[in-house]
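In: Take a look and give me a structure for this.
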Amino acid sequence: METNSKSNINGYSLFVQHLANNLYHLNIVDPDEQVHHFEGVYSSPQAAMEKGKSVIENFIFWRKKTAKLG
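Out: Just a heads-up that it's a prediction; the model follows:
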């Protein structure tokens, strides 16, 4: 099992683990130290990392949007 990590993406940490074949496990730790887990099939570690970055961008978008409503 190979782990690649990309940390400090706007306060979020992303960890990508290659499980088998094209199966990857993504862990995202948000600024509140909550851990979000995702698994998926991706063509490469880079594709899995890009998916994790996209998820983080969505988290940031919704966090800002809900902060404005509250």
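
In: going forward, measure contacts and count neighbours with C-alpha atoms only.
Out: Noted.

In: Now do the contacts for Asn8.
Out: Contacts for Asn8 (Cα atoms under 8 Å, 6 or more residues apart in numbering) come out as Leu14.

In: gap between Asn27 and Leu69?
Out: Distance from Asn27 to Leu69, counting by Cα to Cα, to the nearest Å: 28 Å.

In: Report the beta-bridge partners for the closest residue to Thr3 other than its chain neighbours.
Out: Sequence neighbours aside, Gln17 is the residue nearest to Thr3 in space, at 4.4 Å (criterion: Cα to Cα, 6 or more residues apart in numbering). Beta-bridge partners recorded for Gln17 (DSSP bridges): Thr3, His25.

In: hang on, Gln17 packs against Ile28?
Out: No - the pair Gln17 / Ile28 is not scored as a contact, 11.5 Å apart, by Cα atoms under 8 Å.

In: With neighbour numbers in mind, choose between Asn27 and Leu69.
Out: Each of Asn27 and Leu69 has its neighbours counted (other Cα atoms under 10 Å); Asn27 has more, 17 against 6.

In: quick one: that one is in a helix?
Out: No - according to DSSP: H, G, I helix; E, B strand; the rest coil, the state of Asn27 is strand, so it is not within a helix.

In: what's the pLDDT at it?
Out: The per-residue pLDDT reported for Asn27 equals 95.

In: Quick check: it vs Thr3, distance?
Out: Here Asn27 is placed at a distance of 11 Å from Thr3 (Cα to Cα).

In: okay, which residue is most central for the chain?
Out: In the chain, the C-alpha nearest the mean C-alpha coordinate belongs to Gly52, at 3.3 Å (Cα atoms, centre = their mean).

In: Can you point out the buried residues in the helix or strand that one falls within?
Out: Following DSSP states H and E, one finds Gly52 within helix 45-69. By neighbour count with 16 or more other Cα atoms under 10 Å, helix 45-69 contains the buried residues 45, 48-49, 52-53, 56.

In: What of stretch 25-38?
Out: Neighbour counts over stretch 25-38 (16+ other Cα under 10 Å) mark 25-30 as buried.

In: which intervals of the chain have sub-threshold pLDDT?
Out: 1, 4-7, 70 (pLDDT under 70).
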